[in-house]
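[1] got a predicted model here, sequence first, then my questions.
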Amino acid sequence: MVGNDRREHMRTAMSAKVKVVHAELGEFIFSTRDISDGGVFIVVDTEPFVPSLGDKVTVQVQGLPVPAPVLEMVVVRKTNDGYGLQFDQNGD
């Protein structure tokens, strides 16, 4: 933890295309900015994607030679350029 950065997991810069599906807002393709053991940050610039904190989404990395697993995540943070998503440990 550095300064007022309260995140418990160290982040690693990673740019990848991901498909994000929200039950009410639909399906979107975004780029990631970083990833950690706790979650991922997605960059949202022009898309009309405005979930509420606590909303559940599924995320799947795109462009791999085989289909990536679909992961359940929770929206936990909003910034001017995107959203922090946390891996949903409960899976409900």
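    Arrived safely, thanks for sending. Numbers count the residues shown, from 1 in each chain.
[2] can we go C-alpha only for contacts and neighbour counts from here?
    Fine.
[3] count of residues packed around F28?
    F28: 15 surrounding residues under other C-alpha atoms under 10 Å.
[4] where does it land on pLDDT?
    With respect to pLDDT, F28 has a value of 96.
[5] for the nearest residue to it once chain neighbours are set aside, which three-state class applies?
    Of all residues not flanking F28 in the chain, V20 sits nearest, at 5.2 Å (C-alpha to C-alpha, 6 or more residues apart in numbering). Classification of V20 by DSSP: H, G, I helix; E, B strand; the rest coil places it in strand.
[6] residues contacting V20?
    The neighbourhood of V20, defined by C-alpha atoms under 8 Å, 6 or more residues apart in numbering, consists of 27-30, 57-60.
[7] at 6 Å what do you get?
    27-28, 58-59 (C-alpha atoms under 6 Å, 6 or more residues apart in numbering).
[8] filter the residues you listed to the buried ones?
    Neighbour counting with 16 or more other C-alpha atoms under 10 Å marks 58-59 as buried within the contacts of V20.
[9] and F30, how many neighbours?
    By the measure other C-alpha under 10 Å, the count of residues near F30 is 22.
[10] tell me the spacing between A13 and F49.
    Distance of A13 to F49, given as C-alpha to C-alpha, to the nearest Å: 22 Å.
[11] who's more crowded, these two?
    The neighbour comparison of A13 against F49 (other C-alpha under 10 Å) goes to F49, with 16 against 12.
[12] how about the nearest residue to that one, chain neighbours excluded?
    That would be L25: by C-alpha to C-alpha, 6+ apart, it lies 6.9 Å from F49.
[13] again with P69
    Q60 (6.2 Å).
[14] show me what that neighbour is bridged to.
    Taking DSSP bridges as the rule, Q60 bridges to K19.
[15] contacts only, for it.
    So Q60 contacts 18-19, 70 (C-alpha under 6 Å, 6+ apart).
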